[in-house]
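> need a 3D model of the sequence below.
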Amino acid sequence: MAEPAPAVSGRLERPNLVPEGIAGVDAGLTLVKLARGSDGAVLFDAYEAGDVDPMSLLAAAGLRAGGVTGARLREVPEGLRGVDEIEAAVRGACALLAAGEMEGGHFLLILLGTGTAFVDVRDGAGRHLGGTALGGGSFAGVARRIEPSLRYREMIEGAGRGDRRRVDAMIADVYPQGIGRIGPDLTAAHFAKSGEGSLDDVLAALLNLHGENIAQIAAGRARMVETRRAVLAGGFAQENPLLVESLSSMLSMFGVATEVAPHPGFAGALGAALIGAEEVTA
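Just a heads-up that it's a prediction; the model follows:
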């Protein structure tokens, strides 16, 4: 049987970042991500979790042992390096920021995966601050209960076409100029508007529900660690501009600026590859 086509692919032109033939796998519950060194670059592929065996990706590509991380880490066979998910994400996110010539230093890492984790990152070292069960898994799970045939990328693309204002009750519906410090374009109540809204409209509203609520939790974590800078990474942030916009807009209300790491969905896989490469080349 032919290997399924990846849902998302990418290439990072960064010679010597990951040695030739070394790979990292981030075996998530929603997406399985692969980062591998090839021809002086890092190649990225992401597959829907139900389409692939995470361990088969390494063997199928003829790759040397790298690192494996993610929620399915317990499936890692002996001989492969299992990497803590937070450690891998921090290492990968910092490497991606450096590759994009973006500042490192101190920031709140918002790791948007099947769920969402928050990490206080200071000069490359991370401290886990807990998280929320809201993430790509809850978004996809609710969406599939609305329309079981949907695949993950179809959900994200549908949300991008939709208009949540047909589904959500907006502040503007009650207060056209906004109220207090709350602008008219924010949500008064999720899914509260009567009317028919299309499937795409519902997906847009569902995605925004995740963005706004994750952002409000993140704002509290940012205040706790005294930073006004958040960096987004994780598979749920990959090629998902509507989610990024929702998060950024809400975080800005709390004085937190938002940045997106290059190739954000592959932070964990890249971190696993980098950590695995250290053992292979030691």
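
> OK, contacts around residue 153?
Counting by CB atoms under 8 Å, 6 or more residues apart in numbering, residue 153 touches 7-8, 48. Bear in mind the C-beta positions are built from the backbone N, C-alpha and C, glycine included.

> and if we set it to 10 Å?
7-8, 31, 46, 48, 239-240 (CB atoms under 10 Å, 6 or more residues apart in numbering).

> residue 30 now?
Residue 30 sits next to 46, 48-50, 71, 113-115, 135-141, 152, 234-236 when contact means CB under 10 Å, 6+ apart.

> buried among those residues? Need that as a selection in PyMOL.
Buried members of the contacts of residue 30, defined by 16 or more other CB atoms under 10 Å, are picked up in PyMOL with:
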select buried, resi 46+48+49+71+113+114+115+135+136+137+138+139+140+152+234+235+236
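
> ranking the contacts of residue 153 by neighbours, who comes first?
Counting neighbours by other CB atoms under 10 Å, residue 31 comes out on top of the contacts of residue 153 with 31 neighbours.

> just the pLDDT at that residue, thanks.
For residue 31, the model assigns a pLDDT of 89.

> just residue 1 next, same as before
42.

> circling back: as TSV, the contacts of residue 153 with distance to residue 156 would be great.
Converted to TSV, the contacts of residue 153 look like this (distance: CB to CB, whole Å):
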residue	distance to residue 156
7	9
8	10
31	11
46	12
48	12
239	7
240	5
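
> mind listing which of these are in strands?
Secondary structure from DSSP state E places 8, 31, 46, 48 of the contacts of residue 153 in strands.

> now do the contacts for the third one.
Going back to what we said before, that points to residue 46. 6-10, 26, 28, 30-35, 52, 152-153, 235, 238-239, 263, 265-266, 269.

> now with 7 Å?
The contact partners of residue 46, taken as CB atoms under 7 Å, 6 or more residues apart in numbering, are 6-8, 31-33, 235, 238, 265.

> any idea which element residue 251 lies in?
According to DSSP states H and E, residue 251 maps onto helix 241-253.

> list the buried ones in that helix?
For helix 241-253, burial by neighbour count (16+ other CB under 10 Å) applies to 242-244, 246-251.

> between all of these, which two are separated the most?
By the measure CB to CB, 242 and 251 form the most distant pair in the buried residues of helix 241-253, at 15.0 Å.

> can you tell me which of the ones in strands among the contacts of residue 153 is nearest residue 219?
Using CB to CB, those come closest to residue 219 at residue 31, 26.0 Å.

> and the gap between that closest one and residue 163?
26 Å (CB to CB, to the nearest Å).

> kindly report the same for residue 33.
Residue 33 is 31 Å from residue 163, where distance means CB to CB.

> who has more neighbours, these two?
Higher neighbour count among residue 33 and residue 163: residue 33, with 33 against 13, using other CB under 10 Å.

> that one: what's it in contact with?
Contacts of residue 33 (CB under 7 Å, 6+ apart): 26, 46, 235, 265-266, 268-269.

> wait, is residue 29 part of a helix?
No: read with DSSP: H, G, I helix; E, B strand; the rest coil, residue 29 is coil and lies in no helix.

> test my guess that it contacts residue 71.
Yes: the pair residue 29 / residue 71 is scored as a contact, 4.9 Å apart, by CB atoms under 7 Å.

> the longest helix seen in the chain packs against which elements?
As assigned by DSSP state H, the longest helix anywhere in the chain is helix 199-224. The contact analysis (3 or more CB pairs under 7 Å, 6 or more residues apart in numbering; DSSP states H and E) places helix 199-224 against strand 106-112, strand 116-122, strand 125-132, helix 136-146, helix 152-161, helix 241-253.
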